[in-house]
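Colleague: need a structure here:
(2 chains)
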Amino acid sequence: MADRGAWSACFTMMQWLARLKRGFQHIDGLLVGDWLTIALCLGLILLYWPEASLGQAKKCQIRQGGQVIGVYDLDQRRRISVKGPLGVSVVQIQQGKVRFSQAPCHNQYCLQQGWLSHAGEVALCLPNQVSIILLGERGFDSLAY
Amino acid sequence: MMNRWGWIFSLGLLCSACQAPSTHTEAYVFGTLVEIQIDDAPTAQGQRASNAVLARYQALHRQLHAWQPSELTALNQAISAGQQPFKASPLLRQVLVHAQQLSLQSNGLFNPALGRLIALWGFHQTPYQATIVAPEAVQAVMSQQPSMRALQFSPAGITSNNTAVQLDLGGYAKGFALDEGRAILQSMGIQHALINIGGNVIALGRHHGRPWRVGIQHPRQAGALAALDLPDGWAIGTSGDYQRFYLQDGKRYCHILDPNTGYPAQRSQSATVLIAPQPHAGVLSDVASKPLFIAPKHAALFAQQLGVAAWMIVDAQGHLSLNQAMQARITWLTAVRGQRVLP
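Modeller: Okay, the predicted model is just below:
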């Protein structure tokens, strides 16, 4: 689906550029292939900008005690209860974001970590051993914290 | 034209799908999250190797725990009761000899003899507790000057000439475990892996033909501040005031104490050190970040004394300083303020 979007975005861009070119005939030396290349690059940049450059995550993975509980789409409204050694942690997903909304731990620092939405962001509840990691291209393999 | 681009695009998609098997294991040891990523090894072999490392970590955790009954707490009891020398295991003795040497190299800012103060500040409990500490109580411990200098190692065992010494290897054990884990993986035929213990990371080999890449946590935001390559054998460690801390009357108290005052260190939000390959790279990545975190003004001095290749500090105001070697390696992922580059 994303690919079809890319091609149609490129096509629109090409048409637009072709019209622009007709208006600026004095720009010499650029061939049709060059315009196509430029259009394709622009199209791909526009399409993948939010994911590749801003790193907006689409999914998150929740683990308890190191075991994967599940991978969840961020494009939904949902509450997930995760049982750990101290009790139930509640993970809340809405509008492309995720956070801990309830936790049985003493310090409640997992709640203070707030909403996460970018790939690579991590929220941890060490006492209840629950982790949320936002999946997607984050630009690194592990986090030093 | 389109065809050629189409091919390049599809090849890119294909390559991202044709990577060799990787295993990713997470577990909770040393009171923190342990992550082991293994590349280019059959899943069964990767799993076996991760399990061996985790088993070793559980054993180390039990042996070196600072407040649950362990060999270390037995030594601490012997020291405070004056029942010495204490016959320690070869491992504990080796660790303490090394920790003493590093403590001297850091002018005492890495001081694993402050267990009594760490307990006083509420960090010797699971979970740790926000604690109101009387200045007199801090002074009472500080006046006895507990330090690693007090330890003497003889064939008969370990002796301390200061009964206020209480050992806490919280700033050493995770780094030690990184070195041990890397050696175990290598001995089991693993060539490419990354171990992350509570944010301290060591690299073995590469990740699908390129160096492993590690993000550095922003001390006040959810994401990474920067990222850098961690080539084979390199280790990276961060000390921060944002992992083990509590807030009291709007003031932040972190678990890293300034040995000169007996109070939680206040001058930095985080300090990151990068260590070149050497036998104790993991240990150094854990230990060397402490003096830089406690005394950021003297970062260059301590970096040199402890053999730190590259370092970076976010000070209490959120301003950043780093050495040239770090600047050459780092890619910023977040805008930073007041960047100061030192030789």
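Colleague: A helix includes B:Gln68, no?
Modeller: No - the assignment for B:Gln68, made by DSSP: H, G, I helix; E, B strand; the rest coil, is coil rather than a helix.
Colleague: report pLDDT for it.
Modeller: As predicted, B:Gln68 sits at a pLDDT of 94.
Colleague: what's the answer for the one 4 residues further on, then?
Modeller: With respect to pLDDT, B:Leu72 has a value of 98.
Colleague: do the same with the one 3 residues further on
Modeller: Taken from the predicted model, the pLDDT recorded for B:Leu75 is 98.
Colleague: which residues touch the residue nearest to it when sequence neighbours are not counted?
Modeller: Closest residue to B:Leu75 apart from its sequence neighbours, by CB to CB, 6 or more residues apart in numbering or on different chains: B:Phe86 at 5.0 Å. The way it works is simple: take the backbone N, C-alpha and C, and place the C-beta from them, glycine included. When contacts are counted by CB atoms under 8 Å, 6 or more residues apart in numbering or on different chains, B:Phe86 touches B:74-75, B:78-79, B:157-159.
Colleague: can you give the contact residues for the helix or strand harbouring B:Leu292?
Modeller: Under DSSP states H and E, the secondary-structure element containing B:Leu292 is helix B:289-294. With contact meaning CB under 8 Å, 6+ apart, helix B:289-294 is reached by B:106-107, B:109-110, B:171, B:237-240, B:256, B:258-259, B:265, B:267-268, B:270-273, B:298-299, B:302-303, B:306, B:308, B:311, B:313.
Colleague: any weak-confidence spans in chain A?
Modeller: A:1-14, A:16-30, A:41, A:43-54 (pLDDT under 70).
Colleague: how about the residues of it by chain B?
Modeller: A:33, A:36-37, A:40, A:63, A:65-66, A:105-107, A:113-114, A:116, A:118, A:120-124, A:126-127, A:129, A:131, A:138-145 (CB under 8 Å from any CB of the partner chain).
Colleague: from those residues, which ones fall inside helices?
Modeller: Mapping the residues of chain A next to chain B onto helices (DSSP state H) picks out A:33, A:36-37, A:40.
Colleague: as CSV, those residues with distance to B:Ala203 would be great.
Modeller: As requested, those are exported to CSV (distance: CB to CB, whole Å):
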residue, distance to B:Ala203
A:Gly33, 43
A:Leu36, 42
A:Thr37, 38
A:Leu40, 37
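Colleague: now list the buried members of these.
Modeller: Using 16 or more other CB atoms under 10 Å in any protein chain shown as the burial test, these include A:36-37, A:40 as buried.
Colleague: okay, which residue is most central for the chain?
Modeller: Let's take chain A. A:Ala57 (1.8 Å; CA atoms, centre = their mean).
Colleague: switch to chain B, that's the one I care about
Modeller: Centre-most residue of chain B, counting by CA atoms, centre = their mean: B:Asp286, 3.0 Å.
Colleague: next one: B:Pro155 from chain A, what distance?
Modeller: According to CB to the nearest CB, to the nearest Å, B:Pro155 and chain A sit 40 Å apart.
Colleague: same question, B:Arg267
Modeller: B:Arg267 is 19 Å from chain A, by CB to the nearest CB.
Colleague: any idea how far B:Ala288 is from that residue?
Modeller: 16 Å (CB to CB, to the nearest Å).
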